[in-house]
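Student: heads up, no residue letters with this:
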């Protein structure tokens, strides 16, 4: 389903520098929002010192967002590694219209973020729990 929402050039440019670790995008995460029902823009950025928990705290309780985060973790055999993860936050408590807009516009953003291999859809905080929900998915791809 296409909604006509476009991804701003800033999103693509900053993401490409982010995944390569180039200044000033040596960051932990981006949170994106749809502005004026037309364009995906960067809403927030997390410093490299921030954690996954900081990322989750920045997601609004009753509104939708997208996020990309660089998660560092240990593989099942103890090797340190990191993965870029796309998270679509579409909480059950959000109004219906934004939920439909974000669901229908997700593919446009995913196609602009070349190099993200893990995509997670979350509708409540239990689906964002690091140990129970996120880490098992990461380890499948490590």
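Tutor: All right, it came through fine. Just so it is clear, the structure is predicted and the values come from calculations on it, not from any experiment.
Student: where's the longest helix along the chain relative to the chain centroid, distance-wise?
Tutor: Scanning the chain for the helix with the most residues, using DSSP state H, yields helix 96-112. Offset of helix 96-112 from its chain centre (CA atoms, centre = their mean, to the nearest Å): 12 Å.
Student: Residues contacting the next helix or strand after that helix, please?
Tutor: Using DSSP states H and E, the helix or strand that directly follows helix 96-112 along the chain is strand 118-122. With contact meaning CB atoms under 8 Å, 6 or more residues apart in numbering, strand 118-122 is reached by 83-91, 110, 127-128, 133-134, 137-138, 141. For every residue, glycine as well, the C-beta is placed using N, CA and C.
Student: cutoff 10 Å now
Tutor: Contact partners of strand 118-122, identified using CB atoms under 10 Å, 6 or more residues apart in numbering, comprise 56, 59, 67, 69, 71, 83-91, 103, 106, 110, 113, 127-129, 133-134, 137-138, 140-141.
Student: quick one: which of the residues you listed sit in helices?
Tutor: 56, 103, 106, 110, 137, 138, 140, 141.
Student: tell me the contacts of the closest residue in space to the fourth one that isn't next to it in sequence?
Tutor: Going back to what we said before, that points to residue 110. Nearest residue to residue 110 in three dimensions, chain neighbours excluded: residue 86, at 6.2 Å (CB to CB, 6 or more residues apart in numbering). Contact analysis of residue 86 by CB under 10 Å, 6+ apart lists 32, 66-69, 106, 109-110, 113, 116-121.
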